[in-house]
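Participant: structure for the following, please:
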Amino acid sequence: MTGVKICGLMEAEHVKAAVSAGADAVGFVFAPSRRKIDPAWASELAKLVPDGVKKVGVFVNAAEEEVKTICRNVPLDLVQYHGDETPDQIRRIGLPSIKAFSVRTEDDVKRAVDYDVDYWLFDAPGTGFRGGSGRVFDWSLLGRAGIPRERTIIAGGLNAGNAAEAIRRTRPFALDVSSGVETDRRKDPELIRAFIRTVKERGGA
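Facilitator: From the prediction side, this is the model:
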């Protein structure tokens, strides 16, 4: 069964919508973004997340102590590194982790094997910020690079309309969505529910 991560959550009603619809993970962004959230508020929202649903924090080139402090205080289950973090930096921090890669070429995908992390996330290149472009990358690059699918998370331009196709073509561990469940740049509970339903009912087998 393919998992679902709803990322960029900032409001209690949207956290509740994601959890009640069956999300496997929720994401809070602590990096420069229009979805950036204050750690203290993220800690409040985290109280709405039950055991069994992973809480993921997104960071871009953050100081090691900042990552550790936020992870401890929210608390987070996984740290998603979305910047230029090196394998040594991530290993030194020593927390359960996801490393994100912006995919333009097959070489971008192959870089993943240099990172000893729990999961690799493949995303379309960002525009103003790292990730979050709302664009789809060339999924066929994953197949040619030979990356283990059971450790792969797919992001970039996903929505209820293309989620099943993304699963069929990439067979990932999970899909990660943010802008694809927004209306007028704000999370939409109905779109959240529709996305999760699509993955679980039509594309999750």
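
Participant: residues contacting stretch 26-45, please?
Facilitator: Residues outside stretch 26-45 that contact it (Cβ atoms under 8 Å, 6 or more residues apart in numbering): 5-12, 15, 18-19, 46, 49, 53-60, 62, 66, 69-70, 73-76, 80, 82-83, 129-130, 132, 176, 178, 185. C-beta coordinates here come from the backbone N, C-alpha and C atoms, glycine included.

Participant: for Gly3, which non-adjacent residue is spatially closest?
Facilitator: Using Cβ to Cβ, 6 or more residues apart in numbering and skipping the chain neighbours, the partner closest in space to Gly3 is Ala174 (3.4 Å).

Participant: compute the first-to-last residue distance for stretch 88-99.
Facilitator: 12 Å (Cα to Cα, to the nearest Å).

Participant: flag every buried residue along it.
Facilitator: 90, 93, 95, 97-99 (16 or more other Cβ atoms under 10 Å).

Participant: and the worst-scoring helix or strand of the chain on mean pLDDT, what does it pack onto?
Facilitator: Taking mean pLDDT, DSSP states H and E as the measure, helix 140-145 is the helix or strand of the chain with the lowest mean score, a mean of 85. Secondary-structure packing of helix 140-145 (3 or more Cβ pairs under 8 Å, 6 or more residues apart in numbering; DSSP states H and E): helix 106-110.
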